[in-house]
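Engineer: Sequence first, predicted model second:
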Amino acid sequence: MALYGIDWETGEIVWKYHAPSVPFETPYSGYTSLRSAAIIADGKVYVCNDEHSPTNPLTRGWKLHCVNATTGAGIWNISGAMRPGPIADGYLAGGSMYDGYLYWFGKGESATTVEGPKTAITLGQSVVLTGTVLDESPAQSNTPCVSKESMTTQMEYLHMQVPIDGIWHNLTITGVPVALTAIDENGGSINIGTATTSAYYGTYEIAWTPPAEGTYKIIASFAGDESYGSSGAQTAVLVGPTEQQVVIPAQVMPPDYTMTIVGMGLAILAAVIIVGVLVLRKR
C-alpha cells in the first residue's frame, strides 16, 4: 500500500513512497495503507492513510502526508488521518477522522520581543539582551516558535496529545534563529550576533559589550521560514562614560611614643624608689 510516481510518457515507476506503521498494527508488512484521494499543489502531493473498510476504532498511526511530487521524498506528516481538502492562498484544509476537527495548515504569524537594561551602563560593561519569539497562530497563540524540523513534533504535542518528545520518547525539538543588530547615534550598524530560541520556552539571550558611549537602538529580527511569517522588535541601550576611580591619598601615621612614655614612667618610678631608699637610710 504505497504512493507511486509514474512517468507519463514511458509508464515507468519513478518513485515509491511508503508510510511505516506502528508495529503489529496492520497486515501490510510494516506499512500503513495509503488509499485516500491525493491532491497536488505547489509541487507537493497530499495524501492520508485510509482503508476501504476501516476498523473501529481506527488503526493507530494514521497520518496526513506531504510528499515531494518530483522525488517522492516525504516533506512532513502529522497524526490524524486527515483527508486533504481545499487548498487556497497557501493554506490546506484537512478533516481528521480521529477527532472530527477541521484543521488548516499554512504559515503562522510570529511575534518577536527584545529587552535590554532599564538603566544606563558604563563604557566597558556587558549587557544581556533577552526576548522571545512566539507563535501567534489562532490554534496555539503564545506558544514557542520551533524549527521546521520540529514542527510535526510540536503540533502533535499541542493538538494530538502526543508527548513532547514523541511517542517513543526519542525526539528533541529546536528553536528558531534571531538576528540582533545595534544602530548607533550616527546610524552605523553593528552586528551583535544570532541567538537561537528555546523550543520549550520561546526565549533567547545574548551578551554584548557596546564599543563606545551613546544610545544604541537594538533590533531583534526573526526572518521567518516555511512555517512562520517574519517579525521583529526594538529596544534601546544607553552607555555612559567610564566611572572615575577615586584615589585615596596615603595617610601619614603619627609617631608612636608609647615606648618613650613607658621608658619615662619607669625612670620616674626608679627615681622615686631611690629617693625613698635614701630617706630611709638617713633615719
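Structural biologist: Received the coordinates, thanks.
Engineer: so the residue lying closest to residue 232 once chain neighbours are set aside is in which element?
Structural biologist: Among residues not flanking residue 232 along the chain, residue 221 sits closest, at 4.5 Å (Cβ to Cβ, 6 or more residues apart in numbering). All C-beta atoms are positioned from the backbone trio N, CA, C, and that covers glycine. Counting by DSSP states H and E, the element that carries residue 221 is strand 214-222.
Engineer: What is the burial count for the residue nearest to residue 232?
Structural biologist: 18 (other Cβ atoms under 10 Å).
Engineer: And what about residue 174, helix, strand or coil?
Structural biologist: On the three-state scheme (DSSP: H, G, I helix; E, B strand; the rest coil), residue 174 is labelled coil.
Engineer: can I assume it is in contact with residue 146?
Structural biologist: Yes: between residue 174 and residue 146 there is a contact at 6.7 Å, judged by Cβ atoms under 8 Å.
Engineer: quick one on the thing from earlier: what's opposite the residue nearest to residue 232 in the beta bridge?
Structural biologist: Going by DSSP bridges, residue 221 is paired in beta bridges with residue 179, residue 232.
Engineer: Touching, it and residue 181? I think so.
Structural biologist: Yes: contact criterion Cβ under 8 Å: residue 221 and residue 181 qualify, at 7.2 Å.
Engineer: So between residue 174 and residue 146, which is more surrounded?
Structural biologist: residue 146 (26 against 15).
Engineer: My guess is the more buried one contacts residue 171. True?
Structural biologist: No: here residue 146 does not reach residue 171: they are 11.4 Å apart, not a contact under Cβ under 8 Å.
Engineer: hey, what's in contact with both of those two?
Structural biologist: Taking Cβ atoms under 8 Å, 6 or more residues apart in numbering as the contact rule, residue 146 and residue 171 both touch residue 153.
Engineer: pLDDT weak spots in the stretch 101-250 of the chain?
Structural biologist: Where the stretch 101-250 of the chain drops to pLDDT under 70, the residues are 244-247.
Engineer: residue ranges for the helices of it, please.
Structural biologist: Taking DSSP state H, counting those that start in this stretch as the test, the helices found in the stretch 101-250 of the chain are 151-159.
Engineer: just to revisit the earlier point, what's the overlap in contacts for residue 174 and residue 146?
Structural biologist: Common neighbours of residue 174 and residue 146 (Cβ under 8 Å, 6+ apart) are residue 199.
Engineer: Contact partners for the residue nearest to residue 232?
Structural biologist: Applying Cβ under 8 Å, 6+ apart, the residues near residue 221 are 112, 178, 179, 180, 181, 230, 232.
Engineer: Buried among those? Make that a PyMOL selection.
Structural biologist: A single PyMOL command selects the buried members of the contacts of residue 221 (16 or more other Cβ atoms under 10 Å):
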select buried, resi 112+178+180+181+232
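Engineer: Can you give me the distance of residue 11 to residue 185?
Structural biologist: 69 Å (Cβ to Cβ, to the nearest Å).
Engineer: now swap in residue 12 and tell me
Structural biologist: From residue 12 to residue 185 the distance is 66 Å (Cβ to Cβ).
Engineer: One more: residue 209?
Structural biologist: Distance, residue 209 to residue 185, using Cβ to Cβ: 17 Å.
Engineer: again with residue 169
Structural biologist: 52 Å.
Engineer: Neighbour count for these two, which is higher?
Structural biologist: Neighbour tally, residue 169 and residue 185, criterion other Cβ under 10 Å: the higher count belongs to residue 185, 11 against 8.
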